[in-house]
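[1] need coordinates for the below:
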Amino acid sequence: MTILTSDPSADTERTAAAVPRTHGRLQRAWGHFFAVIYEPLMQATEKGGNAARRAAVLAHARGTVVELGAGTGLNLSYYPPDVELVLTEPEPPMARRLLGRLAQSGRQAPVLQAPADRIPLPDSSVDTVVCTLVLCTVPDLDATLTEIRRLLRPDGQLLFIEHVAAEPGSRLRRWQDRLERPWRRLAHGCHTNRDTEYALRNAGFALAEIHHGQMEAELLLRPLTWGTANPAAA
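    Predicted structure coming up:
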């Protein structure tokens, strides 16, 4: 785990580039390219409605907030001003762009380069965990949800926006299943067919608020769910 500075006076390019790299050369090259094209690829989706969903969901953030897989920082402008923000991003190319946006935003927040299932924070130390289009990419969804429960205080909350698997037996679901492996390689770890709502319940979360809809300007990843989940009492 590496802590990257959010000080606007810091050399963010040099700092982010110094993060240890564990991918092969081809994976690193694709990771750099994917970080460059991510926001252009998402532009139509964001303008079509996802930016408004981010604003609505993140308005509920409170207290100490940990965002998993903060990417290029698309959520930064939607957080309430009084939250204590901690950002995580495991990929160096994304972290570099995140640092730049963080400096421009005027917010102060540490950026932890750590995987979503191993966040270096104490048990029950977080009020809000945020995942937006992230749970589709984590290598181990169950381990990540277990880690989120560990981080959250008993009255904490998970705020999420995630694309999910289509209805079983549907034409779209068949295509999601067929293309899951090549899409995952192309889209830097994104799984097309995760049943995230089931995984949340199975991990011991109570879905306090849940919405279903469609992600604009997307085909394979169109089914979408968003809302709030709380760690259920043991």
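
[2] near Gly73, how many other residues are there?
    25 (other Cβ atoms under 10 Å). (Glycine included, C-beta is placed from N, CA and C.)

[3] quick check: which ranges of the chain have low pLDDT?
    Residue ranges of the chain with pLDDT under 70: 1-23, 233-234.

[4] where do the strands sit along it?
    2-4, 64-67, 84-88, 111-113, 126-132, 152-163, 205-214, 223-231 (DSSP state E).

[5] of those strands, which is nearest Phe33?
    Evaluated over the strands of the chain, closeness to Phe33 peaks at strand 111-113, with 19.3 Å, by Cβ to Cβ.

[6] helices and strands around the closest one, which ones?
    Strand 111-113 is packed against strand 2-4, strand 84-88, helix 92-105, with contacts defined by 3 or more Cβ pairs under 8 Å, 6 or more residues apart in numbering; DSSP states H and E.

[7] 6 Å - rerun?
    Packing partners of strand 111-113 (3 or more Cβ pairs under 6 Å, 6 or more residues apart in numbering; DSSP states H and E): strand 2-4.

[8] so what sits opposite the spatially closest residue to Ala232 that is not a sequence neighbour in the bridge?
    In space, and not counting its chain neighbours, Ala232 is closest to Ala206: 4.4 Å by Cβ to Cβ, 6 or more residues apart in numbering. In this entry, Ala206 is beta-bridged to Asn230, by DSSP bridges.

[9] what about Ala206, distance to Met42?
    Shown here: Ala206 relative to Met42, a distance of 30 Å by Cβ to Cβ, to the nearest Å.

[10] quick check: which of the strands of the chain is nearest to Thr192?
    strand 152-163 (8.2 Å).

[11] more neighbours, Ala206 and Met42?
    Met42 (19 against 12).

[12] ok, residues contacting the longest helix along the chain?
    As assigned by DSSP state H, the longest helix anywhere in the chain is helix 25-45. Contacting residues not belonging to helix 25-45 are listed as 21, 72, 91, 93-94, 97, 188, 215-217 [Cβ atoms under 6 Å, 6 or more residues apart in numbering].

[13] now the buried members of those residues.
    72, 91, 93-94, 97, 188, 215, 217 (16 or more other Cβ atoms under 10 Å).

[14] so what's the residue count around Pro122?
    If we define neighbours as other Cβ under 10 Å, then Pro122 has 9 of them.
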